[in-house]
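Chemist: build me a model from this:
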Amino acid sequence: MIDNAEVERRLAAFRVAAKTAGVKLTHQRLEIFREVAASQDHPDAETVHRAVRLRLPTVSPDTVYRTLWLLNDLGLVATLGPRRDSLRFDANLEPHHHYVCVRCGLARDFTSAELDALRVPDAVNSFGSIAATHVEVRGVCVACAATTAAPAD
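Modeler: This next block holds a predicted model:
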């Protein structure tokens, strides 16, 4: 879990961004953002919906999806993926990269000065402007590797 002070900092940024954009700050929107802001798992919309529904049983999947895209439009979350047709959301907007397990989908942040220093090839400019870069490292996490390596009885 993310440190409570960091979650509160992210929630404060959400309140400011919503007020600046003239977006109504509903209890459902706050809880949806809180779920993403407090998670290290980079949850997809379905995971956010299941978690928020425990606190707000009437929240709909549509509300979760629309709120996540609103948060993206406000610059409060970034998207990762796609992974098996499931886009994931990340409230950590500090420069970082991702490790993603190709078996279970575990997603974790990491920082790397070496990767931050990579130069984007000039050829990419022909596609359009570059807003941001990050590296997504894919592999098999320790837990999945241990399960695979365990001898069968």
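Chemist: what's the following helix or strand after the helix or strand of the chain with the lowest mean pLDDT?
Modeler: Averaged element by element with mean pLDDT, DSSP states H and E, the chain has its least confident helix or strand at strand 78-83 (a mean of 70). Elements were assigned by DSSP states H and E; along the chain past strand 78-83, the next helix or strand is strand 86-90.
Chemist: who's in contact with that following strand?
Modeler: For strand 86-90, the surrounding residues in contact (Cβ atoms under 8 Å, 6 or more residues apart in numbering) are 36, 42-46, 48, 68, 71-72, 77-81, 98, 105, 107, 109. From N, CA and C alone the C-beta is placed, and that goes for glycine too.
Chemist: was I right about residue 110 contacting residue 95?
Modeler: No - with contact defined as Cβ atoms under 8 Å, residue 110 does not reach residue 95; the gap is 11.1 Å.
Chemist: what number of residues lie near residue 51?
Modeler: 19 (other Cβ atoms under 10 Å).
Chemist: please enumerate the strands of this structure.
Modeler: Using DSSP state E, the strands found in the chain span residues 78-83, 86-90, 97-101, 107-110, 136-139.
Chemist: let me have the ones you listed in JSON lines, adding mean neighbour count and distance to residue 122 as columns.
Modeler: Listed next are the strands of the chain as JSON lines, based on neighbours: other Cβ atoms under 10 Å; distance: least, Cβ to Cβ, whole Å:
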{"stretch": "strand 78-83", "mean neighbour count": "16", "distance to residue 122": "25"}
{"stretch": "strand 86-90", "mean neighbour count": "20", "distance to residue 122": "28"}
{"stretch": "strand 97-101", "mean neighbour count": "17", "distance to residue 122": "22"}
{"stretch": "strand 107-110", "mean neighbour count": "16", "distance to residue 122": "27"}
{"stretch": "strand 136-139", "mean neighbour count": "12", "distance to residue 122": "22"}
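Chemist: in TSV: the ones you listed, plus distance to residue 52.
Modeler: Below are the strands of the chain laid out as TSV (distance: least, Cβ to Cβ, whole Å):
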stretch	distance to residue 52
strand 78-83	18
strand 86-90	13
strand 97-101	23
strand 107-110	19
strand 136-139	26
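Chemist: looking at these, which has the lowest confidence?
Modeler: In terms of average pLDDT, strand 78-83 trails the rest of these, at a mean of 70.
Chemist: quick one, domains of this structure?
Modeler: Annotated domains of the chain cover 1-92, 94-153 [automatic domain parsing].
Chemist: nice, that's everything, thank you.
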